[in-house]
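>>> Sharing a model that was predicted from the sequence below.
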Amino acid sequence: MRIALFSWESIHSISVGGVAFHVTELACALQRKGHQVHVFTRVGPHNQPWYECIHGVHYHRCPFQSSRDFIEEINNMCRSFVDSFFKVEDSIGRFDIIHAHDWLASNAAVWIKEGRGHKFILTIHSTEYGRCGNNFYGGNSARIRDHERHGTFCADKVIAVSKALKGEIMWMYELPDWKVSVLYNGINYRNYDGWVDPAAVRRQYSIGPLDPVVLFVGRVVYQKGPDLLLEAIPHVLKYHNNAKFVFAGDGEMRWHVEDRARHMGISHATRFLGYTNGWKLVDLYKSCDAVCVPSRNEPFGIVILEAWAAGKPVIASSSGGPGEIVWHEVNGLKVYPHPDSVAWGIGTAFEDFDHARWMGRNGRVAVETAFSWDVIADQALTVYES
Amino acid sequence: MKAKSRKIIKRVYERGRETVVPPAKKQNNVARQKAPRQQPVAAAKTKIVLPATKTIIIDNYQLPPRYNTTRITLLVKDPFWVYAYWEIASNSIESLSNIVGSHEIERAKVILRMYDVSLIDFNGTNANHYFDIEVGYNASNWYVSLWNDGVSYIAEIGMRLQDGRFFAFARSNSVTTPRKSYSPRSEQVWMNVTEESSPSAYVVPQIKIFKREERTYYTAAQRKRFFYLTEEDIRRYYSKLSPLLKDIISSRLSRLYGKRARYGFILEGETPEARRKLLGKLPKGHFLKRVLIGSSEELFLIGASESLHERPEHRKFFFELNAEVIVYGRTEPDAEVYLGGKKIQLQPDGTFSLRMALPDGKIPLEFKAISKDKKETRAINTYIQRNTNYTPR
């Protein structure tokens, strides 16, 4: 099968968030299954070539005109995708599937479908409504919602990353049930193999070797609820006065959260690392005691899979994706998005470290069972064939 | 002039309310007899029994001007107007004068303080903003004009002293004024025309409310139960979590075993009796049976996960190969020999030998011998190369 993936980000061009990993890993997994995969994406920095074959996947990096209007710029990107897609198709033969990721790339696939009638799959990773913190804003946000509605209307099949997100788009964009499939995110759990000396990693962040450490990974924005974790810290410190809370991530709320930590007098227990990725983040995952995901709206929550891959229990709010994939008390704790409840979760995890380690091991089992990319690619293929 | 004779008024107290019952009028027999004119003669002859006078209750009860309580209430009139009514009992003012002194009370002003509490949990101090209206002693209600629509307000009635201190007597309920215009939500939300009640167009937060008696507390023993979950149980749970994954397994099984497998997975949603019936037909230890019971290891061997599929088998056969090299030579016993700048120890008879590991690649060996009197130097340069090719299977 010849498959074209359209995405504005990938690991091998510009990496912004979870979509980059999803697209790159899915492409690799499809390639391993013996399909020809072409990824159409933006041109990254460092003079990247416009065509490259990486791990057997063909990357077409498409240059385009920038614009002051973000949505117009994205449309330019889509036009560039369409142009290079047609060029590729004219030289190597017809594609079987075109698969766009999020509203950003959906217009490219819509136009290709209009022109040449390909089968069009659209994956929705999150909705504009959710990104705005469950709000219907006007302006550009309304235009983006129109893009999402149009894309989901034109697509032959829509993939949502969780049942909660499926419900959300079926409600907002009036899609029929048969059109939307649920396809969970995956993770390359082999990246988290191995052992590090937790004390050595903790020393880098001036944390004592035996301090209980809670890790928060994600953009520091309202949607992800870092303030909920922050407000829970005093309750935890009451019983574990050497506990440390590491915030890995950046965002518009970071200044506020740091200031609030100083205001509450708990800045000694917090570490704000800013944007972190790569082995640094993997080492953090391996050396912490629990990972906290106090999101207000979470379409899937790849952080949970990463924590499980590193063998750590999660304390996740039960809204959206985490509510579906976490098995309470077995590989993580489900809490409400409220400081008291988050504090309860952390306290319960710290109450019995043996149980917490056991939960972490179970998480690893879960990840190996259902969230490896090969399993996900298999499911994607059934959607392509359906 | 003769004074009018007083009417006798009967006062009736009924359920706390006073009603006035006027006395029965003098009965005008002539008028009464005229009424049943159509009555038959026989009836007319009998003595006419007049009905008992009906008690007419005139309810001129009026609301009392004051109840001697201190309270205030807000009502919404329209998006920009709120109506407040209140009463201040005299003992409230007295108790305040006991605190601040009567001379302060004389100069104090009665104030209606309006707190904007839109979207906050009001605790008395955290209002978005507030404003005061001087209402005076005699007013008991007020129309308050607002400049925003869609806001929440709480009012307090109290006194402001000369020095600006405010003492509230009572706090009102909170009211929220409506929008002045239509909803800002402009998306199309179509109605689902179905037999069942259509789902709400708005997000309804699903909050579970536990009743105290329904709530289950896990005992310590029940909690320990979780510890006996095996890895297999967790695999089983997660292999069935994803709806698509279930479909794949089902289709693969049906490819292998025909229709029976598909039935098996359809049956999963059915009653346990039906499942047991199907399982009973299958022989013991049957592959499909184990799958249906939930041992998911087999599911992966079918190929749902490639990485687990390619798990290397542990076998006893092995084959290893490595190489070493021995270099030896001879010179005068009193000479000095160097290998790449490093001096080599000579045997008493002038021989030397070196044993080295031989990895893949090209290894240069540069020997140099210097005579005892440093007058003569000989150099021998050689190299050793090793190439290894592994061919699996």
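Sure thing, it's come through. Numbers count the residues shown, from 1 in each chain, chains lettered A, B, ... in the order given.
>>> lowest-confidence helix or strand of chain B?
helix B:306-309 (a mean of 36; mean pLDDT, DSSP states H and E).
>>> residue contacts, A:His328?
A:Lys334 (Cβ atoms under 8 Å, 6 or more residues apart in numbering or on different chains). C-beta: built from backbone N, CA, C; applies to glycine.
>>> What's the first helix or strand after the least confident helix or strand of chain B?
strand B:324-330 (DSSP states H and E).
>>> ok, A:Gly332 touching A:Val326?
Yes. Counting by Cβ atoms under 8 Å, A:Gly332 touches A:Val326, with 4.3 Å between them.
>>> The spatially closest residue to B:Ala323 that is not a sequence neighbour and chain A, how far apart?
Nearest residue to B:Ala323, sequence neighbours excluded (Cβ to Cβ, 6 or more residues apart in numbering or on different chains): B:Leu358, at 4.3 Å. Per Cβ to the nearest Cβ, to the nearest Å, B:Leu358 is found 31 Å from chain A.
>>> pretty sure B:Leu358 contacts B:Glu324?
Yes. Using Cβ under 8 Å, B:Leu358 is in contact with B:Glu324, at 5.5 Å.
>>> For these two, work out which one has more neighbours and name it.
Just comparing B:Leu358 and B:Glu324: by other Cβ atoms under 10 Å in any protein chain shown the higher neighbour count belongs to B:Leu358, 14 against 8.
>>> and the residue lying closest to A:Pro49 once chain neighbours are set aside, backbone torsions?
In space, and not counting its chain neighbours, A:Pro49 is closest to A:Arg61: 7.2 Å by Cβ to Cβ, 6+ apart. Phi and psi for A:Arg61, reported as degrees, to the nearest 10, are phi -100, psi 120.
>>> and A:Arg61, what does it touch?
Taking Cβ under 8 Å, 6+ apart as the criterion, A:Arg61 is in contact with A:Ser13, A:Thr41, A:Arg42, A:Val43, A:Gly44, A:Gln48, A:Pro49, A:Trp50, A:Tyr51, A:Glu52.
>>> how about a cut-off of 10 Å?
A:10, A:12-14, A:39-44, A:48-52, A:80, A:84 (Cβ atoms under 10 Å, 6 or more residues apart in numbering or on different chains).
>>> and what of A:Tyr275?
A:Arg219, A:Val220, A:Ala248, A:Gly249, A:Asp250, A:Gly251, A:Arg254, A:Leu281.
>>> make it 8 Å
For A:Tyr275, the contact set (Cβ under 8 Å, 6+ apart) comprises A:Ala248, A:Gly249, A:Asp250.
>>> Which residues of the stretch 251-386 of chain A lie near chain B?
Taking Cβ under 8 Å from any Cβ of the partner chain as the criterion, the stretch 251-386 of chain A approaches chain B at residues A:324-325, A:327, A:329-331, A:355, A:358, A:362, A:365-366, A:368-372, A:374-375, A:378-379, A:382-383.
>>> Of these, select the buried ones using a ChimeraX command.
Under the burial definition 16 or more other Cβ atoms under 10 Å in any protein chain shown, those of those that qualify are selected in ChimeraX by:
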select /A:324,325,327,329,330,331,355,358,362,365,366,368,369,370,371,372,374,375,378,379,383
